[in-house]
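Trainee: this one's sequence-less:
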C-alpha cells in the first residue's frame, strides 16, 4: 500500500494525473480488502478521524465516521484554501466549521483524531465540549487500532485528492478548448437552460452555472413555468429567460456564455427575448449558443449554433470542448428533470382539497383521516358521506351544491 501511495504522489507531483489515477484505482482496490479484513481489537469509542492531503493548491479533508466500533462511512471535502495555507490552520478552521457553524444536527463524537497539530486545541476542545454537553477530546499521534484507522483515512485523502486533481486537469483542458473554439481569451461564467415536462404538464425550466473550475451548484435555479400552452417549449424558454434576466445583475453574475438546449427555433426565441430586455446591465455581453441534437439525435453528434457568428459547428466526438458543452447540457437536463419529477409527484399526491375554499390544514387532516387518505378523496360521492359524520352543515353545503 505504501508503495502504491508513493507512486501515486510522485505521478501527481509530476502532473501525470492519468498515471496518478491508475495508482489511485489500485489503492482503492487494496483499501477495500484491508477495510473488510480489519477488525478492531480494542473497544473503540465514538470518534471521527480526519486526514488532510494538499497538492497543487487543492486540499482534501477526509473524514471517517466510527460509531460503536464500526466504520459507518467516510466522506471527502474540498475546502477552498488560499495559497501557502498552513495545514494546521486549515485543520482548526475545518473542525470549527464542521461541528459548530450551521450544523446543529451533526453529532459530535467523544474523540476527534487528526493528523495535524492545532495551536488552539484546548480552546477548540472547550467549545466542542460545551456544544456536545460532555467532554470531547482532540487527539494526534494515536497508536493501535486508532492509528490503523488514521492510516486508512490518510490513504483515502490522498486517493480522493488524486481523483479531484485529475478532474480539475480535465476541466481545465476542456475549458481552454472551448475558449479556443469561440476565440475568446477567457470565459468567466456560463449558464445553460433546459425545459422538462410530461405531455405539457408540470413544466419546469432549469438553469445551471459553470465557471472554469466546474459547476457552481449554489447558483443553480429552477423555474416553475405557468400560463402557457402545454408543451410550448419556446414559450417556456422565454418565460425562464425573463425570470432569470429581467432583473438587476452584479457584474460577476453576468454570464459570458448562455447555452440554450435546442435548435435554431429555441435560439431565435432566446435572441428575441434579449433584444426586448430593458435592463441596466450589459445585455450584449452574453453570447447565446444553441445546442442542437445531431441528425441521429445521438450523444456526440451535437451541433453548436453560434449566434454572434451565424454559423454552425460540428465537433468530433472526442473534442474536449464538446465534452464540456455536453457536461453542462447534461447537468441542466438532469436538474430540470429532477425538478419536474418533484413537481409531478407533489401534484400526484395532493388530495385535491388544497384548492377548496374554507378547507384549512386541520379540516383537511380530519377529512383525510376519515376518508382513509387521499385515495379516498378520489372515490365518487365521497362528499355525500359528510352529512353523516358530524361536519358543520354550512360547510357541508359548500361541497353539496348541485
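Mentor: Yep, that arrived. All values derive from a computational prediction rather than experimental measurement.
Trainee: Settle this for me: residue 270 is touching residue 286, isn't it.
Mentor: No. Using Cβ atoms under 8 Å, residue 270 is not in contact with residue 286; the gap is 9.8 Å. For the C-beta atoms, the positions are set from N, CA and C on the backbone; glycine is no exception.
Trainee: what residues are shared contacts of the two?
Mentor: Common contacts of residue 270 and residue 286 (Cβ atoms under 8 Å, 6 or more residues apart in numbering): residue 258.
Trainee: out of these two, which sits in the busier spot?
Mentor: Neighbours were tallied for residue 270 and for residue 286 using other Cβ atoms under 10 Å; the higher tally belongs to residue 270 (25 against 21).
Trainee: What helix or strand is the more buried one located in?
Mentor: In this assignment (DSSP states H and E), residue 270 forms part of helix 264-276.
Trainee: Quick one: list the elements packing against that helix.
Mentor: helix 233-245, strand 257-261, strand 287-292 (3 or more Cβ pairs under 8 Å, 6 or more residues apart in numbering; DSSP states H and E).
Trainee: now do 6 Å
Mentor: If contacts are counted by 3 or more Cβ pairs under 6 Å, 6 or more residues apart in numbering; DSSP states H and E, helix 264-276 sits against helix 233-245, strand 257-261.
Trainee: for it, what is the average pLDDT?
Mentor: Per-residue pLDDT over helix 264-276 has a mean of 92.
Trainee: Run the chain-centre distance for it.
Mentor: In terms of Cα atoms, centre = their mean, to the nearest Å, the centre of helix 264-276 is set 29 Å apart from its chain centre.
Trainee: What of stretch 256-271?
Mentor: A distance of 24 Å separates the C-alpha centroid of stretch 256-271 from that of its chain, computed with Cα atoms, centre = their mean.
Trainee: Number the residues from 34 up from this point.
Mentor: From this message on, residue numbering opens at 34, which makes the last subject stretch 289-304.
Trainee: got the end-to-end distance for that stretch?
Mentor: Across stretch 289-304, the terminal residues are separated by 14 Å (Cα to Cα, to the nearest Å).
Trainee: same thing with stretch 98-109?
Mentor: Start and end residues of stretch 98-109 are separated by 12 Å (Cα to Cα).
Trainee: all helices for the stretch 84-233 of the chain, in order.
Mentor: In the stretch 84-233 of the chain, helices defined by DSSP state H, counting those that start in this stretch lie at 120-133, 154-165, 177-215, listed in chain order.
Trainee: Go through those helices and name the closest to residue 359.
Mentor: Taking Cβ to Cβ as the measure, the helices of the stretch 84-233 of the chain were each checked against residue 359, and helix 177-215 came out nearest at 9.7 Å.
Trainee: Could I get the buried residue list for the closest one?
Mentor: Applying a neighbour-count criterion of 16 or more other Cβ atoms under 10 Å, the buried positions in helix 177-215 are 178-179, 182-199, 201-204, 207-211, 214-215.
Trainee: Could you do stretch 282-297 as well?
Mentor: Judged by neighbour count (16+ other Cβ under 10 Å), stretch 282-297 contains these buried residues: 282, 287, 288, 289, 290, 291, 292, 293, 294, 295.
Trainee: Among those, which one sits closest to residue 310?
Mentor: Using Cβ to Cβ, residue 282 is the member of these that lies nearest residue 310, at 10.8 Å.
Trainee: these two touch, right, that closest one and residue 314?
Mentor: Yes. Under the criterion of Cβ atoms under 6 Å, residue 282 makes contact with residue 314 at 4.6 Å.
Trainee: Could you give the number of residues near the closest residue to residue 255 other than its chain neighbours?
Mentor: Nearest residue to residue 255 in three dimensions, chain neighbours excluded: residue 372, at 4.2 Å (Cβ to Cβ, 6 or more residues apart in numbering). Neighbouring residues of residue 372 were enumerated by other Cβ under 10 Å; the total is 21.
Trainee: quick one: what helix or strand has residue 372 in it?
Mentor: When elements are defined using DSSP H and E, residue 372 is found to belong to helix 353-382.
Trainee: Now do that helix: which elements does it pack against?
Mentor: Here helix 353-382 is seen to pack against helix 177-215, strand 223-231, strand 234-244 when contacts are counted using 3+ Cβ pairs under 6 Å, 6+ apart.
Trainee: Good, we can wrap up now.
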